[in-house]
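S.K.: Quick check, what structure comes out for this input:
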Amino acid sequence: MELKDDSIVYLDEALLILDKPPGLPVHGTLDPGRDHLLLAAARMLERRGEAVGELGLGHRLDVGTSGLIALGRRPDVTAKLAADFAQRHVGKVYVALTGRMDPLPDAPLDVRNHLGANKDRRGPPMVAVRAGGDRAWTVLTVLAASQDAVLWRAELHTGRRHQIRAHLAGLAMPLLGDAAYGGHLPAPRPMLHAARLTLPHPVTGEVLQFQALLPADFLAAAARLGLADVSAIAL
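M.R.: So this is what the prediction gives:
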């Protein structure tokens, strides 16, 4: 998959912020022939005549998730990014699309539990556990709703694997298109988008804020379920 120039949200000699398209793994998989974000980003920089450097991931996004992702352009920057994410110095807001919840909450849902790998391979990959696991904290706020769907603002206060997906599934509200967590309503992929990112610049310390608009497939899925005008909703 070739990244377009407009996927670049921010670029300097140390830091690259991209708006990742859905369907692209962020790093290599067991299939050596499968493309991934690091390779695609390197090709894009080369095409633009930019120095590629040693691109590295400061954090991860699932293959089906779209939106903002931070890459370092040299190892020390990548290490600083990873540390800032691990130490919760980064603000992350996602937009999620699910089926209808009744009654709709009139206040944000503060979801806190511990998540661990599911030992039952027939179930979802990550589940709430009573012992062990990792502390997980998500605040979910309704942005818009129709008779068939809810658009959520999901603010992460921790960064566990599949955290938003597992928390929504635990509320019996799996993401549209997220078959791994029981989301059987039609959608081209799990409807999750990394919409806002606030982080200190890994070199200067300046606080940077970024936003990525909802992509076309997300807007189309929302419109099919009666949410036809969500592109400009404030987060």
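
S.K.: For the rest of this, base every contact and every neighbour count on C-alpha atoms.
M.R.: Will do.

S.K.: right, and the secondary structure at the residue nearest to the spatial centre of the chain would be what?
M.R.: Nearest residue to the geometric centre of the chain (Cα atoms, centre = their mean): residue 194, 3.9 Å. Put simply, residue 194 is strand when judged by DSSP: H, G, I helix; E, B strand; the rest coil.

S.K.: My understanding was that it contacts residue 66; is that so?
M.R.: Yes - the criterion here is Cα atoms under 8 Å, and residue 194 meets it with residue 66 at 6.2 Å.

S.K.: bridging residues for residue 150?
M.R.: Counting by DSSP bridges, residue 150 is bridged to residue 98, residue 145.

S.K.: List the contacts of the residue nearest to residue 128 when sequence neighbours are not counted.
M.R.: Distance criterion Cα to Cα, 6 or more residues apart in numbering; nearest residue to residue 128, sequence neighbours excluded, is residue 115 at 4.5 Å. The contact partners of residue 115, by Cα atoms under 8 Å, 6 or more residues apart in numbering, come to 126-129, 133-136, 160, 163.

S.K.: Okay, residue 115 and residue 65: tell me how far apart.
M.R.: Separation of residue 115 from residue 65 (Cα to Cα, to the nearest Å) stands at 20 Å.

S.K.: mind checking which helix or strand the residue nearest to residue 128 is in?
M.R.: Element membership for residue 115 (DSSP states H and E) is strand 109-117.

S.K.: Would you mind extracting the C-alpha trace of that strand into PDB?
M.R.: Provided in PDB are the C-alpha atoms of strand 109-117 (Å, rounded to 0.1, in the frame of the first residue of the first chain):
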ATOM      1  CA  LEU A 109     -18.800   6.100  31.100                       C
ATOM      2  CA  ASP A 110     -15.700   5.600  33.200                       C
ATOM      3  CA  VAL A 111     -14.600   2.100  32.400                       C
ATOM      4  CA  ARG A 112     -11.800   0.700  34.600                       C
ATOM      5  CA  ASN A 113     -10.700  -2.900  35.000                       C
ATOM      6  CA  HIS A 114      -7.800  -5.300  34.300                       C
ATOM      7  CA  LEU A 115      -7.400  -6.800  30.900                       C
ATOM      8  CA  GLY A 116      -5.500 -10.100  30.100                       C
ATOM      9  CA  ALA A 117      -5.200 -12.500  27.300                       C
END
